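Visitor: Build me a model from this:
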Amino acid sequence: MSRWIATLAAISLFVGVGRAEMRLYSYAFSKQYVVTISDDALQKSPAWAEEAENPPVSARKAIKLADGMKDSLVKDSKDFKWTLRSASLQPAGAGKWFWLVYYEAEFQGVSTGIPNYLRLVVLMDGTVIKPDVKENK
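Guide: Residues are numbered from 1 along each chain as shown. Down below sits the predicted model:
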């Protein structure tokens, strides 16, 4: 009986807290890029209203904002050029959405390896979440 009460208490505590954060990982040239989307940041950003045809931040603006962050994190080289692959809307629940902008480092030759890539998040208030950069061993 006490185990059941402890389990119920743990579940109610978890449900009361809600989703605290979401993490997205990218890997490029021996580095790991971790974007952490906090619930607080999502709640502060505007919702995409059901009746609105377009989200609060347009695709073009989201890409431009993400391009600025990408350029501060990674650079083109003689062998690799960073290329935009996609920008997609991602639902986060309760009318909240964010842009996920995906880049790949395109090898300037023939390659069959796993691509180096970077995923960046643009919130609906125009905030680009700066990833934490770690060495990827």
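Visitor: how about the helices in this structure?
Guide: 2-17, 39-44, 59-73 (DSSP state H).
Visitor: hey, least reliable of the ones you listed by pLDDT?
Guide: The stretch with the lowest mean pLDDT among the helices of the chain is helix 2-17, at a mean of 37.
Visitor: Quick check: bridge partners of the most centrally placed residue in the chain?
Guide: Nearest residue to the geometric centre of the chain (Cα atoms, centre = their mean): residue 121, 3.6 Å. On the basis of DSSP bridges, residue 121 is bridged to residue 100.
Visitor: Assess the claim that it and residue 24 are in contact.
Guide: Yes. Residue 121 lies in contact with residue 24 (Cβ atoms under 8 Å); the separation is 6.6 Å. Glycine gets a C-beta too; all of them are placed from N, C-alpha and C.
Visitor: Now the common contact residues for the two.
Guide: Jointly contacting residue 121 and residue 24 under the rule Cβ atoms under 8 Å, 6 or more residues apart in numbering are 35, 37, 100.
Visitor: which ones are touching the second one?
Guide: By Cβ under 8 Å, 6+ apart, the contact set of residue 37 is 21-24, 92, 98, 121, 123, 129.
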